[in-house]
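Participant: need a structure here:
(one chain, ligands or ions: 1)
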Amino acid sequence: MTSVVVVGSGFTGFECARQLARKMARHAKKTGASVDITIISPVDYMLYTPLLPDVAGGLVDARFVAIPLANALTGVQAIRGRVDEVDFDGRTVTFTDPEERVRSLAWDRLVLTPGSVTRLFDITGLAEHARGLKSPAEALYLRDHVLQQLELADVDDDAGRAEARRTVVVVGASYSGTELAVQLRALADSAARQMDFDPAEVKFVLLDLAEQVMPEVGEKLGAAAQRVLKSRGIDVRLGVTLAEVHPEHVVLSDDSLIRTHTVAWVTGVTGAPLIEKLGLPTERGRLKVTTELQVPGHPDVFGAGDAAAVPDVTQPGEITPPTAQHATRQGKALARNVAASLGYGKAKPYKHRNMGLVVDLGPRYAVANPLNVQLSGFPAKVVTRVYHIYAIPRFVNRWAVSLAYLTDVFFDRSVVSFGLSTQEDARFATSEGIPMPKPD
Ligand SMILES: Cc1cc2nc3c(=O)[nH]c(=O)nc-3n(C[C@H](O)[C@H](O)[C@H](O)COP(=O)(O)OP(=O)(O)OC[C@H]3O[C@@H](n4cnc5c(N)ncnc54)[C@H](O)[C@@H]3O)c2cc1C
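Facilitator: The predicted structure follows:
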């Protein structure tokens, strides 16, 4: 039987497997020819990343932003494993399962959608002491860690150290870093009310090398976002970044020092480590593919999403940005083109015009530019929440997230830290699968 193997269960792989299974089921009804579809991923879910800041802020439970493959991918076999190698001549992938057993699987069509990981720089102490926001482990760690530091600060008899415990540094003022800062601020405000301390004692610093907050939403909405951040007491410092990270302080590129025990690094992503290992041409760390999402010279291998440099036909010379909006649509395009390669339907180039962005800025505020209509404040908040609830690809998750939002209107967020995601679990390498540098 013909087999299709999809690598990675993010927005792209999930959507590709889901749509392909539906298409091939229709094809099988007509022709009787069936196709085996397998998705291999280290996790058994598709993660709805746009709500990770809400998980870190204690607003939404981590399970609500994870779509179980077992429930959502009818007709697709899901295998847990990390693909380590691809043999393009022998048409096999080699993967390591959760018990570290090495296994292999044959394919007739291969779909490479392993996504991205946090981009790290050679900054002293960054990997050891900072934590990212790309996985549930990282989001849960940040929530628990912030709460734990506030609790420890409450009883710390060293005033300087207590202040450091109450200081949170977020690096990266694009939409995800900004959303993280406002959600952690809301969590700290909730904790202050329940633990009876002045919320102004908790300091937030948001850093970025750029000269504007959230350049993705344009100057007007970026300025509106910056005003909201200021009104929430978030100290925005632009044109600077981290120079050194230490357990109890950071040094910035302008030589200033901030005492802190919490550093979140949310500055952008790079292609998944697997891409580099394939020995195929790349562009800006992403796998080169054609507008039909095929790997040049390998007509049976496809790629898309954050892992691939997909040409943007609406802006010649550019590649599509790493966003969920593109990833989902590329997943659909992959399904169509893979099905076409198996004799069902016709392949088409990938084309999608950016439909704008929604950015949740915490209690009662958001900015959004759907179809280029610039919105801020409460109308943007409604659009943002409705959009996410619509975009989550499973009813039960939509229901649970809606109830979490409703609960937040009437009640304070829970100040509990189970500590199930430790500092070690939340390391970039452990939680996102970035290989550790080899010792010299
Ligand atoms: C905090 C945050 C907020 C965001 N907010 C937004 C937003 O509001 N709007 C928006 O448009 N975009 C947003 N994004 C970007 C969006 O999440 C990505 O563009 C999208 O996830 C890309 O989908 P993908 O399927 O290509 O990759 P991913 O979602 O990264 O999925 C990759 C999958 O591949 C798996 N994988 C990795 N390596 C291997 C391997 N070797 N073998 C097998 N499987 C592997 C991973 O475990 C994962 O399941 C946000 C991202 C983050 C981190």
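Participant: name the element residue 4 belongs to?
Facilitator: Here residue 4, judged by DSSP states H and E, is contained in strand 2-7.
Participant: What of residue 104?
Facilitator: strand 102-106.
Participant: Can you name the next helix or strand after that strand?
Facilitator: For strand 102-106, the following helix or strand on the C-terminal side (DSSP H and E) is strand 109-112.
Participant: Run me through the strand neighbours of the helix or strand just after that next one, direction for each.
Facilitator: As assigned by DSSP H and E, the chain's next helix or strand after strand 109-112 is strand 116-118. Note on strand 116-118: by DSSP bridges, its sheet partners are strand 269-271 (antiparallel).
Participant: what helices or strands is the strand holding residue 104 leaning on?
Facilitator: Under the contact definition 3 or more CB pairs under 8 Å, 6 or more residues apart in numbering; DSSP states H and E, strand 102-106 sits against strand 2-7, strand 92-96. Every residue, glycine included, has its C-beta placed from N, CA and C.
Participant: which helices and strands sit right next to the strand holding residue 4?
Facilitator: By 3+ CB pairs under 8 Å, 6+ apart, strand 2-7 packs against helix 11-31, strand 35-41, strand 102-106, strand 109-112.
Participant: so of the helices and strands packed on strand 102-106, which one's packed in deepest?
Facilitator: Most buried of the helices and strands packed on strand 102-106, by mean neighbour count (mean count of other CB atoms under 10 Å): strand 2-7, with a mean of 23.
Participant: how near is the residue in the stretch 251-400 of the chain that the ligand sits nearest to to residue 390?
Facilitator: Of all residues in the stretch 251-400 of the chain, residue 305 sits closest to the ligand, at 2.3 Å by CB to the nearest ligand atom. If you measure residue 305 against residue 390 using CB to CB, to the nearest Å, the figure is 21 Å.
Participant: Have a look at these two and say which one is more surrounded.
Facilitator: residue 305 (35 against 9; other CB atoms under 10 Å).
Participant: how close does residue 48 get to residue 62?
Facilitator: From residue 48 across to residue 62, the span is 11 Å (CB to CB).
Participant: neighbour-wise, which of these two wins?
Facilitator: Per other CB under 10 Å, whichever of residue 48 and residue 62 has more neighbours is residue 48, with 24 against 20.
Participant: residues contacting the more buried one?
Facilitator: By CB atoms under 8 Å, 6 or more residues apart in numbering, the contact set of residue 48 is 65, 66, 67, 388, 391, 392, 393, 397.
Participant: So which of these is the closest to residue 167?
Facilitator: Using CB to CB, residue 65 comes nearest to residue 167 of those, at 27.4 Å.
Participant: So for that closest one, what's the pLDDT?
Facilitator: pLDDT recorded at residue 65 is 98.
Participant: could you list every residue that touches it?
Facilitator: Listed by CB under 8 Å, 6+ apart, the contact partners of residue 65 are 47, 48, 49, 51, 52, 54, 55, 136, 392, 397, 401.
Participant: right, and the first one touches residue 10 too?
Facilitator: By that I understand residue 47. Yes - using CB atoms under 8 Å, residue 47 makes contact with residue 10 at a distance of 6.8 Å.
Participant: Among those two, which residue is more densely surrounded?
Facilitator: With neighbours defined as other CB under 10 Å, residue 47 and residue 10 compare such that residue 10 has more, 25 against 22.
Participant: you'd agree the more buried one is up against residue 306?
Facilitator: Yes - contact criterion CB under 8 Å: residue 10 and residue 306 qualify, at 7.4 Å.
Participant: residue boundaries of the strands in the stretch 151-300 of the chain?
Facilitator: Under the criterion DSSP state E, counting those that start in this stretch, the stretch 151-300 of the chain contains strands at 167-171, 203-208, 234-238, 242-245, 249-252, 257-259, 262-265, 269-271, 282-283, 286-288, 294-295, 298-303.
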